[in-house]
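> Task: produce atomic coordinates for the following.
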Amino acid sequence: MAVVSFPEPALANADGLLAIGGDLLLPTLLKAYAQGCFPWYSEDQPILWWSPDPRMVLLLDDFYCSQRLARRLKQKRYRFSWDENFSQVINQCKEVHRKGGTWLLPDMITAYQALHQAAYAHSVEVWEGELLIGGLYGVLLDQVFFAESMFSIKRDASKMALAMLMERGKREGWKCIDCQFYTDHLSSLGAKEIPRTQFLELIRN
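Numbering: from 1, shown residues only. Okay, here's the model as predicted:
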């Protein structure tokens, strides 16, 4: 089966929309991430592929860990895991975003579960006892973690997941965490916007 071909990222419109259509098969998704674009669309829309400019990234030395967060990370009541329950994490992310509409449609969940089975998509879990209280998931490709979504049902749980992700990234020598679009929340944690050209150079070298 032929892999969907993507235009050059510089051809994206002002909002970052690069292409419409295609499929969510594993080869297509891997090609998209390698080229710096990702799928994001709503119900009743075709698949939309994005390559925003500027791009929000979190460099490994830039993560801001507040004193409160540092104290939480040391508390023995919390346990952290990697890929322990990817399915539960992605479905929790879907539920968190449902209030304002969700982009995590069934086809998207199926696609990322396939990426997980192929060892490209990963999750970080934060547990309090037997309860999953926070987590995140994304795609790890060529030493870049393309973060897709996170959730928290208790205070600071998603921040703790991100802190654990950063620790793993430092141990394994990742280049950066891709955060896609600007948010005040991500900015408060140390993420910053960089030009798309710089982002593409970073992920390709």
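> just for this protein, where's the confidence low?
Low-confidence segments of the chain (pLDDT under 70): 1-4, 97-102.
> who are the neighbours in contact with the residue nearest the centre of the chain?
In the chain, the residue lying closest to the centroid (CA atoms, centre = their mean) is Ala147, at 1.4 Å. Contact analysis of Ala147 by CB atoms under 8 Å, 6 or more residues apart in numbering lists 136-138, 165, 177-180. No exception for glycine: its C-beta is placed from N, CA and C like everyone else's.
> domain assignment for this structure?
Structural domains annotated on the chain: 9-53, 56-204, as defined by automatic domain parsing.
> what's around the nearest residue to Leu24 once chain neighbours are set aside, how many residues?
Among residues not flanking Leu24 along the chain, Ala111 sits closest, at 3.8 Å (CB to CB, 6 or more residues apart in numbering). As a burial measure, Ala111 scores 20 neighbours (other CB atoms under 10 Å).
> Which positions within the helix or strand that contains Ala111 qualify as buried?
Taking DSSP states H and E as the criterion, Ala111 maps to helix 106-117. Residues of helix 106-117 classed as buried: 108, 111-112, 115-116 (neighbour count, 16 or more other CB atoms under 10 Å).
> got these as a markdown table, with distance to Leu202 columns?
Below are those laid out as a markdown table (distance: CB to CB, whole Å):
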| residue | distance to Leu202 |
| --- | --- |
| Met108 | 26 |
| Ala111 | 25 |
| Tyr112 | 23 |
| Leu115 | 21 |
| His116 | 24 |
